[in-house]
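**Q** below are the sequence and a predicted model; questions follow.
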Amino acid sequence: MAKHSKRYREMAEKVGEDPVALADAVEVLKGFGGTKFDQAVEVHMHLGIDAKQADQLVRGSIVLPHGIGKSQRIVVFAKGPAAEAASEAGADEVGQEELAKKIQGGWLDFDVCIASPDMMGVVGPLGRVLGPRGLMPSPRAGTVTPDVATAVTEYKAGKVEFRNDSGGNIHAVVGRMSFEPKQLEENISAFVDYILSLKPNSTKGTYVKSVSISATMSPGIAVAA
């Protein structure tokens with residue numbers, strides 16, 4: 001088991017086991033600042049779903065009210081007018097076969113991959129490289145779309161993707177420690193509310209089993225769902 005630093009242990013002592021109101025959780029989290037970099041703030045949700053059942057998967061994307069405080073690097077597979085529109089919208093790299101070869105060769109210096117539907121023949125073979133890293137474009141996440149320019153704009157504005165893991169957990173970045181408490185509260189609330197709206201019809205029992213928030217270098221703080 002990894003040994004935590006003295007600072008981490010001191011922070012952990014300030015966190016109670018019982019869930020607290022979101023505003024209180026954010027206040028505790030903000031008290032864990034003081035690092036040399038602006039830590040990411042994450043929300044973690046444990047869902048009462050059967051991750052083995054295809055009809056109980058929870059995945060998608062959402063544009064958070066205040067973004068995530070980080071400029072995402074975006075590559076786009078498109079051609080013609082769509083490629084030009086993607087570049088104008090701020091895509092970091094736009095291409096076709098040459099871009100696919102570059103990625104096959106090991107280049108993965110980006111956060112989001114978007115593709116127009118007519119480029120999936122080129123993108124499909126990249127599944128083995130992009131899939132395990134959560135970068136494979138998909139219609140459900142809004143990253144396979146004829147309107148690639150709008151997708152680029154949304155991700156630049158702070159759109160985040162999410163999908164449950166095999167244990168029914170969802171993790172997502174919802175801001176930075178430099179955000180105002182109200183901004184973090186509104187981003188977290190928007191994310192949790194959206195996950196609630198995606199409850200699969202076949203799910204039985206309690207849907208949201210737990211919610212917690214944390215920073216890059218802090219313990220988790222349980223939030224009253």
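**A** Perfect, I can see it now.

**Q** hey, let's count contacts and neighbours off CA atoms from now on
**A** Noted.

**Q** show me where the protein has helices.
**A** Along the chain, the stretches classed as helices by DSSP state H are 6-13, 22-30, 80-89, 97-104, 120-123, 127-130, 148-157, 181-197.

**Q** quick one: buried residues of stretch 162-169?
**A** For stretch 162-169, the neighbour count (16 or more other C-alpha atoms under 10 Å) marks 162, 163, 164, 168, 169 as buried.

**Q** so how far is that stretch off the chain centroid?
**A** Chain-centre distance of stretch 162-169: 12 Å, with C-alpha atoms, centre = their mean, to the nearest Å.

**Q** can I get that stretch in CSV? Just the C-alpha atoms.
**A** Output in CSV follows, covering the C-alpha atoms of stretch 162-169 (Å, rounded to 0.1, in the frame of the first residue of the first chain):
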residue,chain,number,x,y,z
PHE,A,162,-17.6,10.5,-19.1
ARG,A,163,-18.3,6.8,-19.0
ASN,A,164,-18.7,4.2,-16.2
ASP,A,165,-16.0,1.8,-15.6
SER,A,166,-16.4,-2.0,-14.9
GLY,A,167,-17.2,-1.2,-11.2
GLY,A,168,-20.0,1.2,-12.0
ASN,A,169,-17.9,4.3,-11.1
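
**Q** re earlier: of the buried residues of stretch 162-169, closest to residue 25?
**A** residue 169 (19.7 Å; C-alpha to C-alpha).

**Q** ends of stretch 205-221, what's the gap?
**A** One end of stretch 205-221 sits 24 Å from the other (C-alpha to C-alpha, to the nearest Å).

**Q** buried stuff in that stretch?
**A** In stretch 205-221, counting by 16+ other C-alpha under 10 Å, buried: 208, 210, 211, 212, 213, 214, 215, 218, 219, 220, 221.

**Q** how long is stretch 213-225 end to end?
**A** One end of stretch 213-225 sits 12 Å from the other (C-alpha to C-alpha).

**Q** can you tell me what sits against that stretch?
**A** Stretch 213-225 is contacted from outside by 8, 11-12, 15-22, 25, 29, 32, 39-44, 177, 208, 210-212, using C-alpha atoms under 8 Å, 6 or more residues apart in numbering.

**Q** mind checking which of those land in strands?
**A** Here DSSP state E is the test, and these give 40, 41, 42, 43, 44, 208, 210, 211, 212 as lying in strands.

**Q** just flag the most distant two among those residues.
**A** Maximum pairwise distance among the ones in strands among the contacts of stretch 213-225 (C-alpha to C-alpha): 23.0 Å, between 40 and 208.

**Q** out of the contacts of stretch 213-225, which end up buried?
**A** Buried, going by 16+ other C-alpha under 10 Å: 11-12, 15, 19-20, 22, 25, 29, 32, 39-44, 177, 208, 210-212, out of the contacts of stretch 213-225.
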